[in-house]
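>>> I would like the atomic coordinates for the input below:
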Amino acid sequence: MDEAITKSRALIEALSYIRQFKNRIVVVKLGGSLMETDHTQKELLRDVAFMATVGIQPILVHGGGKSISAEMAKAGIEPQFIQGFRYTDEQTLTIAEHVLVNQINKTIVETLNDLGCQAMGLHSLSSCILFAEQTRLDTEDGRKLDIGLVGKINEVNGELLNVLCKAGTIPVVAPIARDRAGGKLNVNADTAAGQIAAAVKADKLVMMSDTHGIMADQNDPDSHISKLNEMEVQKHIDEGVITGGMLPKVNACLGALQGGVGRTHIIDGSFMHSLLLEIYTDKGIGTLITKE
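As a prediction, the model looks like this:
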């Protein structure tokens, strides 16, 4: 009986959030080790299916860096990273596209369809909604550093995304963009998620990874920070609290907020039902980042 009462209370708590977010767009970025096991991935997508069933309009953006590196190793290619960016030549881009589109994106779409949703893959081999220009990295001495076929996103087809969402279709976006000449460019999935959220004026952007949100001390899991505003985030960046792989996620959140997104979240997707807990409960479990 106690368990039934606990479950009923959880449903009542979720009711106000279900009403609040009905017909609202939520962009979810999947990344990290969440993409490595079928079980974890399916449980996450089951939560996405729940969201869609109760009225939220989800858009999924996924990465796949670890899987790309594994496939490169099979081909005898050593991945090279420059300032956090994967150096991308033609062969690397071919491998990245195959992994992201034919393996990860396809699996996500098929799983969502099996769960009773209507999902559509958006990528470089079908309807591409990301457009970019080739980028170079700035060095301390003022030079431009070549990192190959890596792009900086300059346009997102938000109109197509909105049409699909209103039609009840879940867009699933792989981070391979097109340039003006029709060529293909590798783009950062975190950045893509942030710009997609801004393009559709999403109510929320949720960055899901295998990290426990933002921590004041990386060596202390109890130092988790539950809420930050833009000024506080910038202070943590300047002080070196936010570094490494967390930095592009945070910058994506900041860019989304500047683009009109209501709230952004960074949560640990390896925690069972973390996505639902972040959206449908009072406390949430990740780090909430807001403008003010």
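>>> what ranges of the stretch 51-200 of the chain fall below the confidence cut-off?
Low-confidence segments of the stretch 51-200 of the chain (pLDDT under 70): none present.
>>> the helices in it, which residues?
65-74, 90-97, 106-114, 158-166, 189-199 (DSSP state H, counting those that start in this stretch).
>>> using a markdown table, lay out these together with distance to Ser16 and mean neighbour count.
C-beta: built from backbone N, CA, C; applies to glycine. Formatted as a markdown table, those follow (distance: least, CB to CB, whole Å; neighbours: other CB atoms under 10 Å):
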| stretch | distance to Ser16 | mean neighbour count |
| --- | --- | --- |
| helix 65-74 | 37 | 16 |
| helix 90-97 | 42 | 18 |
| helix 106-114 | 26 | 18 |
| helix 158-166 | 22 | 17 |
| helix 189-199 | 23 | 27 |
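>>> turn those into a markdown table, columns for distance to Ser274.
Output for the helices of the stretch 51-200 of the chain, formatted as a markdown table (distance: least, CB to CB, whole Å):
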| stretch | distance to Ser274 |
| --- | --- |
| helix 65-74 | 20 |
| helix 90-97 | 27 |
| helix 106-114 | 18 |
| helix 158-166 | 23 |
| helix 189-199 | 17 |
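>>> among those, which is nearest Val28?
helix 189-199 (8.0 Å; CB to CB).
>>> so what touches the closest one?
27-29, 31, 59, 61-65, 129-130, 153, 156-158, 161, 173, 175, 177, 202, 204-205, 207, 248-249, 251-256, 258-261, 264 (CB atoms under 8 Å, 6 or more residues apart in numbering).
>>> so how do I select the buried members of these in PyMOL?
Here is the PyMOL command that selects the buried residues among those (16 or more other CB atoms under 10 Å):
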select buried, resi 27+28+29+31+59+61+62+63+64+65+129+130+153+156+157+158+161+173+175+177+202+204+205+207+248+249+251+252+253+254+255+256+259+261+264
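>>> so which of the helices of the stretch 51-200 of the chain gets nearest Lys42?
helix 106-114 (5.8 Å).
>>> check contacts around Met246.
Met246 neighbours (CB under 8 Å, 6+ apart): Thr211, Ile214, Ile266.
>>> so which of these sit within strands?
Ile266 (DSSP state E).
>>> export the contacts of Met246 to CSV and tack on distance to Ala193?
Listed next are these as CSV, based on distance: CB to CB, whole Å:
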residue, distance to Ala193
Thr211, 15
Ile214, 17
Ile266, 11
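>>> pLDDT and neighbour count added to the contacts of Met246, as CSV?
What follows is the contacts of Met246, written out as CSV (pLDDT from 0 to 100; neighbours: other CB atoms under 10 Å):
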residue, pLDDT, neighbour count
Thr211, 74, 22
Ile214, 88, 26
Ile266, 93, 26
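>>> now Leu257. Nearest residue, chain neighbours left out?
Nearest residue to Leu257 in three dimensions, chain neighbours excluded: Lys291, at 5.0 Å (CB to CB, 6 or more residues apart in numbering).
>>> who are the neighbours in contact with that neighbour?
Contacts of Lys291 (CB under 8 Å, 6+ apart): Asn229, Glu230, Leu257.
>>> drop anything exposed from those residues.
Here, 16+ other CB under 10 Å leaves Leu257 buried among the contacts of Lys291.
>>> quick one: which of the contacts of Lys291 is nearest Asp138?
Glu230 (23.6 Å).
>>> this structure: strands as residue ranges?
Under DSSP E, the chain gives strands at 25-30, 57-62, 81-82, 85-86, 118-122, 130-138, 144-156, 169-173, 176-178, 184-186, 204-209, 227-229, 263-268, 287-290.
>>> turn these into CSV, columns for distance to Val99.
As requested, the strands of the chain are exported to CSV (distance: least, CB to CB, whole Å):
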stretch, distance to Val99
strand 25-30, 14
strand 57-62, 11
strand 81-82, 17
strand 85-86, 12
strand 118-122, 14
strand 130-138, 17
strand 144-156, 15
strand 169-173, 15
strand 176-178, 10
strand 184-186, 11
strand 204-209, 18
strand 227-229, 33
strand 263-268, 24
strand 287-290, 29
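>>> so which of the ones you listed is nearest Gln103?
strand 57-62 (10.7 Å).
>>> tell me the angle that closest one makes with strand 204-209.
30 degrees (axes from the mean of the first three to the mean of the last three CA atoms, to 10 degrees).
>>> which secondary structure elements does strand 57-62 sit against?
Strand 57-62 sits against strand 25-30, helix 38-53, helix 158-166, strand 169-173, helix 189-199, with contacts defined as 3 or more CB pairs under 8 Å, 6 or more residues apart in numbering; DSSP states H and E.
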